[in-house]
Structure formats: C-alpha cells, structure tokens
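K.L.:
Got a predicted model here, sequence first, then my questions.
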Amino acid sequence: MQFSTEVATELSPKYLEDEVAATQTINKPLSRSNLVQSVGRGPAQDLEALIGEVERTNGDLTKPRPITGSNENYPSYEDYAPSAVRQMDRQRVNNYEDYRTTHEDKESDEYLETIESKYPHLASLANSLQQTTKDKRNRKLTEENIEIHNRETIAPHGFFTPAPTNNDRNQPAVPHIHTTNLKRDTREDITIPSTIPYDCSMDRLKRLGENAPSFEQNLTVDQGEAVRVICSIADKYWNGVNSLEKNPKALKALTSLLQQISMTAPDRSVVGSEVEDESKMKSALVRSQRDVKILRERLQQSILDSKGLHEQIVALEKEKALPNCEMDKIREENRRLKEEAKRLIERNRELESSAQLSGMLQQSHKSLMETNDRLLKELRNKDISSTNGQSELS
C-alpha cells in the first residue's frame, strides 16, 4: 500500500482517542511503539490510521493488493483520507468502547460480591478492596494516557514514492492514497503532560500542542535548503523499505550533500574564538554601559553645581551693582572737589600776588612817607635858617 507525503505527516488527530481505545486489544502498546520507532523519526500529529494499515499488512507497506479480473491493468485503491478512516472505524470503536466499559464493570462487581459473600464481617476490607480496584483502574487509565503521550512524541517517517513511468507499469503497483487540501503541520517534540485525564478531548490535546516550537522556525536558511534537498532525493529514489541504502545514486547524492554541508560549516575553533570574542565584547559592553551610567550621573551633578554657581554669580553681580552707583557718586563728588580745589588754588595765587603787590605798595608808601618826612624836615630847617638869616639881616 502506498502513502503520500500528506498522509504520512498530516493525518488529522481528531479521532485519536477513540482509535486508541479500539486498537488497544489488538496489539500491546509496547510493540506498537517499537514498530513506530522502526519505521523512522519525524514530526506528525496522528498515527492511528497508519498504524492500523501497518497491522493489516503485517508491516509490509510495499505489498500490493491482489488484482481481480482479466481486464484490470492497475489495482484498485481506496481513499484513506482522515474523513474516510473515521467513517470506517467509528462503528467498531463505539461497539468496543461499550463492551469494554460493561465488561470491566461487570468483572469488578462480581469480584466485590465474591469478597463480600466470603467475608461478610469484614466490611472495611471490602471497602478497601473496592478502593484498590478503583486505584488499579485509574492506574490503567494513566498508563493509557502515557501511551497516548508516547504516540504523540514518537513520530514516524513518511515514505515517498516517485511517480510511475512507462517501464514500471508492468510491475506490481502499489495503490496510492488520494488526499486533497491537507495542510502541513510538522511540529518538533510536542510537549504533552504525562497525566492527561482519560476524558480529555482531542480539541484540548490540539490546544496543548499549539504553543510547541515549530521545526521550521528553528532552521536557518542553509539548514532549510538542505532539508528540502534531502526530501527531494527521498521523493526521487525511494522505492520501498531500505531502498535508499541500496540505491547508489541516492547514496551518492546524499554523500555529496553532506560534503557540501561539511565544507560550508564553520570551523569549531573559529566558532569558539568568535564566541569568546563575543563574550568579551559583551562584558566590555556591560562595563561601558556601567561607566556611561556613572558619567551620566556625574554630568547631572555637574549641571546642578553649575546652575548653583551661576545663581551665586548673578547674586554677587546684583550686590556689586549697588556699590558701583555709590562709587560713581563719590567719583563725581571727587571730580567736583578737585575742580573747586583748582579754583581755590588759582584764587590763592591771585590773593598771594595781591598780597605781594600790597606789600610792595606798603613799602613804597613807607619809603615815600620817610622821604616826605625827610624833605619836610629839610624844608623846615631851610625855613628856620632863612628866617634866622633875615632876622640877622634885619
């Protein structure tokens, strides 16, 4: 039976809970998990339809269906889309669920009735046994939930089959599963709690995986291109189980791709030195940021001090403005006094010259008075002598 990429990776998980209950008695959970692990690894949401087909074909997916009729050139195929699988298994799952619930309750009731009839005086023992039975049932449900969690985290790998050519038409073909309008939803390690309640709906399980990290988001450009190349090689050369290992062209293409990846991969020493340099730069950046913070605080403090000093200078200038006015007045008064002193000095000089002239006049007047007195004396003497001479003559 042939499965396409969409069915291998994108089966809807809507019917997971009922399908788990329906297929639990067919095979043990451990063997089913081992079978899923042997198929391969890869992210997927729902595996029950694929596991059911593996069980019906005994693990050989390449085994073709028998061709009936003489006019058929190709085998018939069935639609194994999620809706068709749910329609096929719904009735069987419902019948099995009713049977399991009724059967387990009946066995538990019969066991308790046997204990009570055998030990009627030990009612407490019967109650403890009833509680023990309930604990066993809850433990069994918890184990079923753990198995559901394992199926969610163990993702099978989808096998890819190339389109048939004219040479392949004579070979036994594998029917193809037609799926339309299925959306890709590949996830990486969906985290689901180990203690999921038994009556947990699939909508809640889907909500638990909505916040899981996407596989494609964690890939770089080169890694995503490498993954796409590997998928294209698988699409081209896969032709059954272990077909890629036996195909030399596929091995050669994968080897060439790995060599290119290893050549383009950075050296570990270079990466280590870059990481060390980056750590040093980060520490230097932290120190620089700390220094910048300290300098910013100092700058703010300096700005505050500068404002205080500016205010003090303005106050001193205001205080200095008042003495300047008084000094101007004093200077004006001094200038006026100096001018007055100059006038007084000139006046004093004039007075000194006047006093000197007055002294000179007084001396000349005194000399004149003395001369006048002397002349008067001489005149009197002459008069007296003349009078005496006349008297003598007379």
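P.N.:
Cool, the structure landed.
K.L.:
where does the stretch 201-350 of the chain dip in pLDDT?
P.N.:
Residue ranges of the stretch 201-350 of the chain with pLDDT under 70: 201-223, 263-272, 322-323.
K.L.:
out of all of them, which helix in this structure is the longest?
P.N.:
helix 268-393 (DSSP state H).
K.L.:
what about Ser232, neighbour count?
P.N.:
Using other C-beta atoms under 10 Å, Ser232 has 12 other residues around it. (Glycine included, C-beta is placed from N, CA and C.)
K.L.:
go on, Glu370?
P.N.:
Neighbour tally, Glu370, other C-beta under 10 Å: 10.
K.L.:
what sits against it?
P.N.:
Contact analysis of Glu370 by C-beta atoms under 8 Å, 6 or more residues apart in numbering lists nothing.
K.L.:
so what's it scoring on pLDDT?
P.N.:
Looking at Glu370, its pLDDT stands at 90.
K.L.:
go on, Glu53?
P.N.:
You'll see Glu53 listed with a pLDDT of 66.
K.L.:
Likewise for the one 4 residues further on?
P.N.:
Per-residue confidence for Thr57 comes out at a pLDDT of 70.
K.L.:
Use 12 as the first number from now on
P.N.:
Sure, I'll start counting at 12 from here, so that last one is Thr68.
K.L.:
what number of residues lie near it?
P.N.:
Neighbourhood size, Thr68 [other C-beta under 10 Å]: 13.
K.L.:
Using the three-state scheme, assign Val252.
P.N.:
At Val252 the chain is in coil, as set by DSSP: H, G, I helix; E, B strand; the rest coil.
K.L.:
I'd like to know how far it sits from Ser284.
P.N.:
45 Å (C-beta to C-beta, to the nearest Å).
K.L.:
Report the contact partners of Glu328.
P.N.:
Contacts of Glu328 (C-beta under 8 Å, 6+ apart): none.
K.L.:
what do you get for Leu368?
P.N.:
By C-beta under 8 Å, 6+ apart, the contact set of Leu368 is empty.
K.L.:
For Arg358, see how far away it is.
P.N.:
With distances taken as C-beta to C-beta, Leu368 is found 15 Å from Arg358.
K.L.:
Same check on Gly319?
P.N.:
Taking C-beta to C-beta, one finds Gly319 at 59 Å from Arg358.
K.L.:
Equivalent analysis for Glu350, please.
P.N.:
Distance from Glu350 to Arg358, by C-beta to C-beta: 13 Å.
K.L.:
do the same with Ser299
P.N.:
84 Å.
K.L.:
Could you do Lys393 as well?
P.N.:
Separation of Lys393 from Arg358 (C-beta to C-beta): 51 Å.
K.L.:
Likewise for Lys329?
P.N.:
Counting by C-beta to C-beta, the gap from Lys329 to Arg358 is 45 Å.
K.L.:
and what of Asn335?
P.N.:
Asn335 is 34 Å from Arg358, by C-beta to C-beta.
K.L.:
Likewise for Lys318?
P.N.:
60 Å.
K.L.:
same question, Ala295
P.N.:
Ala295 is 89 Å from Arg358, by C-beta to C-beta.
K.L.:
and what of Glu308?
P.N.:
74 Å.
K.L.:
Check Glu343 too.
P.N.:
Going from Glu343 to Arg358 by C-beta to C-beta gives 23 Å.
K.L.:
ditto for Ala366
P.N.:
Distance of Ala366 to Arg358, given as C-beta to C-beta: 12 Å.
K.L.:
cool, and Lys331?
P.N.:
The gap separating Lys331 from Arg358 is 40 Å, by C-beta to C-beta.
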